[in-house]
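[1] Structure of the sequence below:
(2 chains)
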Amino acid sequence: DAGITQSPRHKVTETGTPVTLRCHQTENHRYMYWYRQDPGHGLRLIHYSYGVKDTDKGEVSDGYSVSRSKTEDFLLTLESATSSQTSVYFCATAPYLGLAGSHNEQFFGPGTRLTVL
Amino acid sequence: ELKVEQNPLFLSMQEGKNYTIYCNYSTTSDRLYWYRQDPGKSLESLFVLLSNGAVKQEGRLMASLDTKARLSTLHITAAVHDLSATYFCAVDVTSNFGNEKLTFGTGTRLTIIP
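    As a prediction, the model looks like this:
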């Protein structure tokens, strides 16, 4: 357990409203990720961060934005929620291990179940 | 585009039996990860495989990696009910720091029947 929390854990919202999910870590990991999990699709990467203020898009980034103003927090925003964004959202983190023996083992938060009506 | 395919997608097996889950991927990589997810829970890291021929074992689970075949296997020995879960493999193809990310398979839902 990498000391990762997500808030809220459950949220129900209406189409067209903005939603922000928060991921907080206490492990000082460099990398942070947002995934969504849907039946039949496994986990799909939405956005990720490789440092404070450094972010990049994943494979399903449309309709989502992110921000990382400090190491501990990574925010995911749905600017105008749609029913297709109903999903379980997972945050993950990974440490920077340097040049030798580097790998990308990720540690996951508990998830946020989002329902958009 | 990297594709990661697992099979089978669903697996029911009796306690005490052996079985193997396969993970194929479409591009060169020597870093592969296995995760476990219990229903309604988060993902837990099981194995990190970092080179061709790597083999890791934990209890009744053993994972291996063949980078030439682009194939990893997760072998279950003498299955017990506690192993019922969904298992994911994930592949890492990044080589530039600042751009580390994984691509996940769709998962194998394993049910152990008494």
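
[2] got a list of what the closest residue to residue B:63 other than its chain neighbours touches?
    Spatial nearest neighbour of residue B:63, excluding adjacent residues (C-beta to C-beta, 6 or more residues apart in numbering or on different chains): residue B:47 at 4.2 Å. In this view, the C-beta of every residue, glycine as well, is placed from N, C-alpha and C. By C-beta atoms under 8 Å, 6 or more residues apart in numbering or on different chains, the residues touching residue B:47 are B:33-34, B:56, B:58, B:61, B:63, B:74.

[3] got JSON lines for those residues, with neighbour count, secondary structure and pLDDT too?
    What follows is these, written out as JSON lines (neighbours: other C-beta atoms under 10 Å in any protein chain shown; DSSP: H, G, I helix; E, B strand; the rest coil; pLDDT from 0 to 100):
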{"residue": "B:33", "neighbour count": "25", "secondary structure": "strand", "pLDDT": "95"}
{"residue": "B:34", "neighbour count": "25", "secondary structure": "strand", "pLDDT": "97"}
{"residue": "B:56", "neighbour count": "16", "secondary structure": "strand", "pLDDT": "96"}
{"residue": "B:58", "neighbour count": "10", "secondary structure": "strand", "pLDDT": "96"}
{"residue": "B:61", "neighbour count": "19", "secondary structure": "strand", "pLDDT": "97"}
{"residue": "B:63", "neighbour count": "24", "secondary structure": "strand", "pLDDT": "98"}
{"residue": "B:74", "neighbour count": "24", "secondary structure": "strand", "pLDDT": "98"}
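
[4] want to try a markdown table for the residues you listed, with distance to residue B:24 as columns?
    Converted to a markdown table, those look like this (distance: C-beta to C-beta, whole Å):
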| residue | distance to residue B:24 |
| --- | --- |
| B:33 | 15 |
| B:34 | 14 |
| B:56 | 19 |
| B:58 | 22 |
| B:61 | 19 |
| B:63 | 14 |
| B:74 | 13 |
